[in-house]
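# prediction below, plus the sequence it came from.
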Amino acid sequence: QVQLVESGGGLVQPGGSLRLSCAASGRSNHHMGWFRQAPGKDREFVAVISWNGGVTSYADFVKGRFTISRDNAKNMVYLQMDSLKPEDTADYYCAARRVVFGISKTSTDYDYWGQGTQVTVSS
C-alpha cells in the first residue's frame, strides 16, 4: 500500500512559479505521475517520471514550463511549474504506478492517488 500526500499549491500570478511536492509512504519503486483536473473538465495527464528518474515525459501543453523530478532517498516527487498561465488552474494530483509495468500517461493505469492540491493562476 502506498499513501501519497501532495503539497505546495496556492494562488500565483500569471508568469509566476510554484513547486508541488508529493510525499510517498512505503517503497519508492513506483513510476510517478502528475495529473490535473480543472472544474468541469476531465482529469488530464501532466507529467510522469520512471521509478529511477531515468525517463520523463510531459504533456505538450507543459513542455518547457514544467519539470518533474524525484528524490527516492526522501520518497519525494516534485513538479516545478514555471511561466504559469491562467489555464493551468486546476487541482493537481500525484499518482503511483507499479514498476512491473512501464510508465503511462493514462490515469486508469495508476494504482494509488493523493488527495490533490489546488493551483490557481490569476492576477
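Good, I have the coordinates.
# could you check how far Thr56 is from Val12?
When Cβ to Cβ, to the nearest Å is the yardstick, Thr56 and Val12 sit 23 Å from each other. C-beta here means a position set from N, CA and C on the backbone, and glycine is covered the same way.
# okay, the two: which has more neighbours?
Neighbours per residue (other Cβ atoms under 10 Å) separate Thr56 from Val12, with Val12 holding more: 18 against 14.
# distance of the more buried one from Leu18?
As it turns out, when the distance is counted by Cβ to Cβ, Val12 lies 5 Å from Leu18.
# quick check: neighbours shared by the two?
Among the neighbours of Val12, those also in contact with Leu18 (Cβ atoms under 8 Å, 6 or more residues apart in numbering) are Leu84, Val119.
# the host helix or strand of Met32 pairs with which strands?
Using DSSP states H and E, Met32 sits within strand 30-37. Strands flanking strand 30-37 in the sheet, each with its direction: strand 44-49 (antiparallel), strand 90-98 (antiparallel) (DSSP bridges).
# save these as CSV, and put in mean pLDDT and mean neighbour count too.
Written out in CSV, the entries for the strands paired with strand 30-37 read as follows (pLDDT from 0 to 100; neighbours: other Cβ atoms under 10 Å):
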stretch, mean pLDDT, mean neighbour count
strand 44-49, 98, 21
strand 90-98, 97, 22
